[in-house]
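Peer 1: Next comes the sequence, and after it the predicted model I'd like to discuss.
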Amino acid sequence: MLRSTLVNTARRHGARAATHPCPTCTRAQFTSASSTTRRLPDTQSKRYIHAAVGLIAIIGVYAGTRSVIHLESRANVNEEQRKDIDGTVSGAKGSKKAGVMSRIDPQEDLRAEGWEVDGSSNDSDGYLTMAEVASHHLAHDAWVVVEGKVFDVTEFHKNHPGGSQIIVANAGRDPVHPPNTLENNLSPECFKGLVNPKEVEESLRAFEAEQARVEKARDALPEVETMLGLEDLEETAQSFLAPRVSNYYSGYSLDGHSASQNRSSFRKCRLVPRVMRDVTSVRPQTKIFGIPSALPIYVSPSSNALLGHPDGELNIVRGAAKTGIVQGVSAAASFPLTEILEEKAKMDEEMGNKMGMVYQVYLSRDREKNVEQLQQVLEGGCQALLLTVDSNVGDHRQVTEKLKGTKGDAEPGIRMGPIENEDQWHDSSQNWDDLQFIQKHAPGLPIYLKGVSHIEDVRLAKKHGLAGCILSNHGGRQLDGARTGFDSLRSIHAQDPQLVKEIELYVDGGCRRGHEVLQALALGAKGVGLGRPFLWAQAAYGEQGVIRAVRILEKEIATAMQLMGVRDLSQIKPDMVECIQEIWK
Ligand SMILES: Cc1cc2nc3c(=O)[nH]c(=O)nc-3n(C[C@H](O)[C@H](O)[C@H](O)COP(=O)(O)O)c2cc1C
């Protein structure tokens, strides 16, 4: 009976969970060959996988301390399943369905299935309470609940491909995780026991209510055509997304100095247009990372698009393909790379044209993980590699660590423990010698270093035969106080204008207007990356939001080109931008 409760709960997380698993645990599975894993018994596993309830599972990372959310659609629940589900619910609430609450040892079934149950329980029915689970919320003592099962993830989180913090941030709670992902990567000893189904049901209900609210709010949004600037898209998305999602997207490290300066650094420049030139038609086309692009912009790789919208990164694939811009896919994307590539293949066919896609990687402490990843990237046909080098340790987003214990978040009062940098996907030993390893395992792929600030590092990148650098402070999400990408470009251009011509430079961080793109181009950048704007756009309007964001920028870029008196991007010269000390308010 208990098992049926669990299975029914799992059914509610069924079919799409199998195809849209937790991004981070997808990558855990991707690397699971070498780890000690314990699969669910076959029968149970099959029932989970074949369950027909539509689920869109989202595991979200929210700024620094990260959160897990799944969106579930019950639209395709058939009558039989609905009875099952409702029966489970009413059973859990003490209905006439006998058994669920009256078991002496609810863990017996699980033992029979081969789980090691240590007999932990602290309520009269033999279950663990959520209060008990909540007391294990620190990096060195971390439990999570998945489908009513409690796991000790203290050791596991250190190797979690999506980073340690996502697990630690969810320690002590039920992150409403899809079945057959996290638990498949845990050894039997990690299993601690079961949570009372009543409590599991309550958390699902709260989750469903929140999902219904978001869906309703999204349906009531103004037409996408009313969005006139990128900031409209951001405001619109923020108006209805859950605080933890907004907070994750807008999040920054420590005091947010770098994040706010990203925006303001563009205001330290004035454009100096040329006049009386025929600019009846302008050509904003260029190459980004060596790939033809309709505009001198690209989607900067940003994790967890699924947090904001059930189609997540797939929205960006479609929007980028339809508008002809290059998409940077994050190593921490919510969808597995295979699914993103499948969507790309569909779009390539539909558009009769190969869209541009590049993949972002972090160096793992376990290089074997990178080898598998790079193989997938090569086989999948990504056209360049962005190696993010500004994240050799995990981020420190105090603002969201605080949110973890505030109203609207799951368990008031819970705070993160001391930050422990044990995360395998941030390697503080990374250095220039590692480039050989990447070059060896990604033969033929142009490599760009993402997150460079210092001119000497640009010179070293050139010396090591890299295709280019992205001047960036990671959207202000890593080293707070780090110089902005645009300021780095200004400084490097001022010190060594020749260098800017000898290696491709890109900029990201804070760019929100077409004329700002031109400012960067005037100082020698090949293009500008935008991160948050595409996350907000897809969160609010899905694919249409991404298309709208690109159209807004296209119009702004084309108009700015006309007003600057340039017909194509090669006509934008350094003397057309003047940098000043004061910041325009
Ligand atoms: C929510 C979010 C997630 C991000 N995830 C990644 C990532 O996985 N890898 C990476 O290299 N950069 C990541 N970034 C940084 C972006 O690629 C980019 O550097 C930054 O967002 C640019 O600033 P902007 O958002 O102001 O345009 C992320 C940024 C945000 C906002």
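Peer 2: Arrived safely, thanks for sending. Numbering: from 1, shown residues only.

Peer 1: how about the longest helix along the chain against the ligand, any contact?
Peer 2: Across the chain, the longest stretch assigned as helix under DSSP state H is helix 532-564. Yes. In terms of C-beta under 6 Å from any ligand atom, part of helix 532-564 sits within range of the ligand, namely 532, 535. C-betas here are computed from N, CA, C, even on glycine.

Peer 1: Run through the neighbouring helices and strands of that helix.
Peer 2: helix 230-240, helix 243-250, strand 297-299, helix 312-323, helix 514-522 (3 or more C-beta pairs under 8 Å, 6 or more residues apart in numbering; DSSP states H and E).

Peer 1: give me the number of residues near the nearest residue to Leu374 once chain neighbours are set aside?
Peer 2: Nearest non-adjacent residue to Leu374, counting by C-beta to C-beta, 6 or more residues apart in numbering: His441, 4.4 Å away. By the measure other C-beta atoms under 10 Å, the count of residues near His441 is 18.

Peer 1: Help me confirm that Leu471 comes into contact with Gly510.
Peer 2: No. Using C-beta atoms under 8 Å, Leu471 makes no contact with Gly510, being 12.0 Å away.

Peer 1: Looking at the two, which one has more neighbours?
Peer 2: More neighbours surround Leu471 than the other of Leu471 and Gly510, with 31 against 26 (other C-beta under 10 Å).

Peer 1: ok so Val528 is a strand residue?
Peer 2: Yes. Under DSSP: H, G, I helix; E, B strand; the rest coil, Val528 sits within a strand.

Peer 1: Contact partners for the residue of the chain found nearest the ligand?
Peer 2: Using C-beta to the nearest ligand atom, the single residue of the chain nearest to the ligand is Gly531, 2.3 Å away. Gly531 makes contacts with 299-302, 475, 508-509, as judged by C-beta atoms under 8 Å, 6 or more residues apart in numbering.

Peer 1: ok, and the most crowded of these?
Peer 2: Gly509 (32 neighbours).

Peer 1: Which residues lie in contact with it in this structure?
Peer 2: 258, 262, 472-476, 484-486, 531.

Peer 1: Just the ones of these in helices?
Peer 2: 258, 262, 485-486.

Peer 1: Which pLDDT value belongs to Asn196?
Peer 2: You'll see Asn196 listed with a pLDDT of 83.

Peer 1: these two touch, right, it and Asp125?
Peer 2: Yes. In this structure, Asn196 is within contact of Asp125 by C-beta under 8 Å, at 6.4 Å.

Peer 1: ok, the two, which is more surrounded?
Peer 2: Between Asn196 and Asp125, Asn196 has the larger neighbour count (other C-beta under 10 Å), namely 22 against 16.

Peer 1: mind checking how far the more buried one is from Leu182?
Peer 2: 20 Å (C-beta to C-beta, to the nearest Å).

Peer 1: quick one on the thing from earlier: please identify every residue contacting each of Leu471 and Gly510.
Peer 2: 485-486.

Peer 1: interface residues of the stretch 201-350 of the chain facing the ligand?
Peer 2: 248-249, 262, 300-303, 330-332.

Peer 1: Now with 5 Å, please.
Peer 2: Within the stretch 201-350 of the chain, the positions lying close to the ligand (C-beta under 5 Å from any ligand atom) are 249, 300-303, 330, 332.

Peer 1: want to try a markdown table for those residues, with pLDDT as columns?
Peer 2: Formatted as a markdown table, those follow (pLDDT from 0 to 100):
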| residue | pLDDT |
| --- | --- |
| Tyr249 | 94 |
| Ser300 | 98 |
| Pro301 | 98 |
| Ser302 | 97 |
| Ser303 | 91 |
| Ser330 | 95 |
| Ala332 | 88 |
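
Peer 1: Shouldn't Leu387 be within a strand?
Peer 2: Yes. Applying three-state DSSP, one finds Leu387 inside a strand.

Peer 1: what's the neighbour count on it?
Peer 2: 24.

Peer 1: Contact partners for it?
Peer 2: The neighbours of Leu387, taking C-beta under 8 Å, 6+ apart as the test, are 360-363, 438, 447-450.

Peer 1: if we go to 7 Å?
Peer 2: By C-beta atoms under 7 Å, 6 or more residues apart in numbering, Leu387 lies in contact with 361, 438, 447, 449-450.

Peer 1: try Glu554
Peer 2: By C-beta under 7 Å, 6+ apart, the contact set of Glu554 is 284, 295.
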